[in-house]
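Enquirer: turn this into a model:
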Amino acid sequence: MDIVILSRSANLYSTNALVEAARRRGHFVRVLDHMQCDLIVNTGKLELNYNYESIKRVDAVIPRIGYSATAYGAAVIKHFEGMGVYTLLSSQVLLSCRDKLSCLQHLAAHDVPIPKTGVTNNQYTVRDILHQVSQPPYVIKLLHGTQGLGVILSETRNNAESIIEAFIKTEDNVLVQQYIPESKGSDLRVFVVGNKVVAAMKRQAQPGEFRSNLHRGGYSYVVKLSSAEEELALKTAQLMGVNVAGIDILQGSEGPMVIEVNVSPGLEGIEGTTGVDIAGDIIRYVEQSYK
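Expert: Numbering: from 1, shown residues only. Alright, predicted model coming up:
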């Protein structure tokens with residue numbers, strides 16, 4: 001197969017792991033920086049150029065699109081879709097999962113447990129929204145953020161109100177969620193490929209920190225999922241229409257609940273923690289889907 005990986009750099013761990021896994025299985029693979037792709041749209045014909053060269057005869061595309069490049073990355077994926085190329089991640093799924101509010105709305109409408117969440121653009125109703133969500137503390141999140149950036153734990157209602165009002169005035173969209181104390185600064189990263197959970201790890205925040213992201217200094221270890229946790233991850237991936245995902249789950253007193261769906265999840269942390277060749281699993285899934 002001729003495989004294209006959309007990534008800002010071939011030197012990134014996840015990108016390099018996918019390249020090596022594809023080459024081990026005999027595929028021709030190229031890494032294209034999606035932000036450097038030129039798109040030509042004409043009646044009945046779509047063309048894509050990269051460094052002045054027309055990109056043709058591609059069998060499959062594996063997108064690795066970062067948050068800051070979501071809009072243009074989706075446009076590049078859609079271009080490949082219009083050219084009849086199989087893409088592991090569709091443009092529409094990328095956009096719907098990157099919109100945290102839209103994602104939570106869709107999951108909640110299909111009875112997927114999530115932390116109670118509130119959103120407002122009205123500074124006069126902030127206190128009411130906080131009251132309806134929960135008692136303090138609160139978790140406040142930017143609608144567009146990753147790796148724990150733009151996530152704040154507010155210990156009091158007055159403090160949370162001030163933070164949200166400030167974001168409203170700067171026209172930054174945020175959501176506020178109930179804090180799940182039972183999680184104790186930890187969450188589960190469940191890696192789904194196709195209709196199968198291929199790896200899972202528990203991430204634990206450093207003392208004094210509630211964000212468990214490894215990029216924020218958290219640590220991780222292998223964990224055996226309960227049947228409820230595994231079923232929840234698979235149901236979430238299926239509902240969102242994503243083929244490869246890192247599903248983040250909190251363990252609450254009333255059972256597991258989903259907090260995020262990552263459509264370009266990093267491989268370094270979970271491969272290093274679990275020892276699973278997830279890049280190889282992804283390439284095998286691409287082969288099966290292409291056939």
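
Enquirer: for Ala205, see how far away Gly218 is.
Expert: Between Gly218 and Ala205 the computed distance is 5 Å (Cβ to Cβ, to the nearest Å). In this view, the C-beta of every residue, glycine as well, is placed from N, C-alpha and C.

Enquirer: same question, Glu171
Expert: Glu171 is 30 Å from Ala205, by Cβ to Cβ.

Enquirer: show me which of the two is the more surrounded one.
Expert: More neighbours surround Ala205 than the other of Glu171 and Ala205, with 20 against 7 (other Cβ atoms under 10 Å).

Enquirer: so that one sits against Leu153, correct?
Expert: No: Ala205 is not in contact with Leu153 according to Cβ atoms under 8 Å; the separation is 10.5 Å.

Enquirer: what's the domain layout of this structure?
Expert: 2-96, 117-179, 182-290 (automatic domain parsing).

Enquirer: pLDDT at Asn159, what is it?
Expert: For Asn159, the model assigns a pLDDT of 92.

Enquirer: and the domains of the chain, which one averages the lowest pLDDT?
Expert: domain 117-179 (a mean of 87).

Enquirer: excluding chain neighbours, what is closest to Thr117?
Expert: Nearest non-adjacent residue to Thr117, counting by Cβ to Cβ, 6 or more residues apart in numbering: Gln177, 4.9 Å away.

Enquirer: that neighbour falls within a strand, correct?
Expert: Yes: assigned with DSSP: H, G, I helix; E, B strand; the rest coil, Gln177 falls within a strand.

Enquirer: buried ones in stretch 100-108?
Expert: Neighbour-count burial for stretch 100-108, with 16 or more other Cβ atoms under 10 Å as criterion, is recorded at Lys100, Cys103, Leu104, His106, Leu107.

Enquirer: same deal with stretch 34-43?
Expert: If you call a residue buried by 16+ other Cβ under 10 Å, then stretch 34-43 has these buried ones: His34, Cys37.

Enquirer: tell me which residues are up against it.
Expert: Contacts to stretch 34-43, defined as Cβ atoms under 8 Å, 6 or more residues apart in numbering, come from residues 6-8, 46-51, 55, 63, 65, 69, 72-73, 75-76, 79.

Enquirer: so which of the residues you listed sit within helices?
Expert: Judged by DSSP state H, these include Tyr72, Gly73, Ala75, Val76, His79 as members of helices.

Enquirer: tell me the one of those nearest Ile278?
Expert: Lowest distance from Ile278 to the ones in helices among the contacts of stretch 34-43 (Cβ to Cβ) belongs to Gly73, with 21.0 Å.

Enquirer: what sits against that closest one?
Expert: If you count contacts by Cβ under 8 Å, 6+ apart, Gly73 has them with Leu6, His34, Met35, Pro63, Ile65, Gly66, Leu94.

Enquirer: now, which of those sits nearest Asp187?
Expert: Gly66 (20.9 Å).

Enquirer: quick check: bridge partners of the residue nearest to the spatial centre of the chain?
Expert: Closest to where the C-alpha atoms of the chain average out (Cα atoms, centre = their mean) is Asn262, at 1.4 Å. For Asn262, the residues forming beta bridges with it (DSSP bridges) are Gly246.

Enquirer: bridge partners for the closest residue to Val286 other than its chain neighbours, pull those for me.
Expert: Leaving aside its sequence neighbours, Val286 sits nearest to Ala60 (Cβ to Cβ, 6+ apart; 5.2 Å). When assigned by DSSP bridges, Ala60 has beta-bridge partners Ile3, Tyr86.

Enquirer: pull the number of nearby residues for Ala160.
Expert: Using other Cβ under 10 Å, Ala160 has 24 other residues around it.

Enquirer: cool, the one 3 residues further on as well?
Expert: Neighbour count for Ile163, taken as other Cβ under 10 Å: 17.
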